[in-house]
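Visitor: give the three-dimensional model of this entry:
(one chain, ligands or ions: 1)
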Amino acid sequence: MNAATSGKRPALRLVFLGPPGAGKGTQAQILAERLDARQISTGDILRKHVADGTDLGAKAKAFMEAGALVPDQLIIAMIESEIGTLDRFILDGFPRTVPQAEALDALLERLGKPLSAVFLFEADRPTLVRRLTARWTNPRNGRTYNTELNPPKVAGIDDDDGGALVQRPDDTAEIVGNRLTTYDAQTAPLVDFYAKSGRLTRIDALQSIDRVSDALCTALGIRDGAPA
Ligand code: AMP
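Guide: Sure thing, here's the model as predicted:
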């Protein structure tokens, strides 16, 4: 009996890799809903810790405000508790360094649950800067809008919950520059890390939201919302 005939959903353990502004969060949210998987956004989780004033939030805040990375050991401990026993998840914004990727491999190997796929979202720097500086975020759930590409129906208001949208403090031009430099220095080496082990699938993130979504589903062998 396979997963389809047993009624048990197949495991789905994905990593979304790519620079800030490439659309990882938008696509993770869409795919997670479509496939009933958990979106694990380390950025969203950290922002909640900062808002709630936890110890971790206090430690992470200055790094986040500067557009730098939060130290690996804090992030790795956080992700281990987030993954827990989950079998269907999309890691959005993790791993971001080689030690994080190695720790993830070690964790999943211990659990006997290897990654299903790693998607690299590719976009050029001017596009990323344009997208990030035009981004408005719902701080309650992490949903994002872009004033040019997918504006909310009413400016500054979330379509679904009717609450206010905000511009993230790290989406200013100066901090966006730092975040992209941080990506090139510390996260880009992961492209080789995953390519060498044959786990990397490249996605053209310059396409429309719908087309990127379709590309991900095609790569995963998904038709009409259900794994083929
Ligand atoms: P994001 O929402 O993914 O753009 O993340 C916002 C900020 O949170 C980043 O600029 C980092 O300061 C921090 N952060 C998020 N994920 C990680 C990670 N995996 N490792 C280190 N820092 C992270």
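Visitor: list the contacts for the residue nearest the centre of the chain?
Guide: With distances taken as Cα atoms, centre = their mean, Asp92 lies nearest the centre of the chain, 1.9 Å away. Residues near Asp92 by Cβ atoms under 8 Å, 6 or more residues apart in numbering: Phe16, Lys24, Gly25, Ala28, Gln39, Ile40, Ser41, Thr42, Gly43. Every C-beta, even on glycine, is put in place using the N, C-alpha and C of the backbone.
Visitor: mind giving me the domain ranges of the chain?
Guide: Domain assignment for the chain by automatic domain parsing gives 12-124+179-227, 134-171.
Visitor: need the ones you listed in CSV (columns: mean pLDDT).
Guide: Output for the domains of the chain, formatted as CSV (pLDDT from 0 to 100):
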stretch, mean pLDDT
domain 12-124+179-227, 95
domain 134-171, 93
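Visitor: ok and the residue in this structure nearest the ligand?
Guide: Nearest residue of the chain to the ligand, counting by Cβ to the nearest ligand atom: Gly43, 2.0 Å away.
Visitor: how close does that residue sit to Arg223?
Guide: Using Cβ to Cβ, to the nearest Å, one gets 31 Å for the distance from Gly43 to Arg223.
Visitor: who touches the helix or strand containing Gln27?
Guide: Using DSSP states H and E, Gln27 sits in helix 24-35. Contacts to helix 24-35, defined as Cβ under 8 Å, 6+ apart, come from residues 12, 14, 16-18, 37-39, 41, 43-44, 88, 90, 92-93, 121, 142-144, 209, 212-213, 216-217, 222, 225, 227.
Visitor: quick check: residues of this protein near the ligand?
Guide: With Cβ under 6 Å from any ligand atom as the criterion, the chain meets the ligand at residues 20, 42-43, 46, 63-64, 67-70, 75, 93-94, 96, 100, 170, 179.
Visitor: just the buried subset of these, written out for ChimeraX, thanks.
Guide: Per 16 or more other Cβ atoms under 10 Å, the buried members of the residues of the chain next to the ligand correspond to this ChimeraX selection:
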select :20,42,43,46,64,67,68,69,70,75,93,94,96,100,170,179
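Visitor: on that earlier part again, ramachandran coordinates for the closest residue to the residue of the chain closest to the ligand other than its chain neighbours?
Guide: Closest residue in space to Gly43, ignoring its immediate chain neighbours: Gly93 at 4.9 Å, by Cβ to Cβ, 6 or more residues apart in numbering. When read as degrees, to the nearest 10, the backbone of Gly93 gives phi 100, psi 10.
Visitor: which residues are in contact with Gly93?
Guide: Applying Cβ under 8 Å, 6+ apart, the residues near Gly93 are Phe16, Lys24, Gly25, Ser41, Thr42, Gly43.
Visitor: can I assume the first one is in contact with Phe119?
Guide: Yes. The criterion here is Cβ atoms under 8 Å, and Phe16 meets it with Phe119 at 5.5 Å.
Visitor: which strands and helices sit next to the helix ranked longest in the chain?
Guide: As assigned by DSSP state H, the longest helix anywhere in the chain is helix 98-111. Under the contact definition 3 or more Cβ pairs under 8 Å, 6 or more residues apart in numbering; DSSP states H and E, helix 98-111 sits against helix 72-83, helix 189-196.
Visitor: can you tell me which of those helices is nearest to Ala51?
Guide: Taking Cβ to Cβ, helix 72-83 is the member of these nearest to Ala51, at 15.2 Å.
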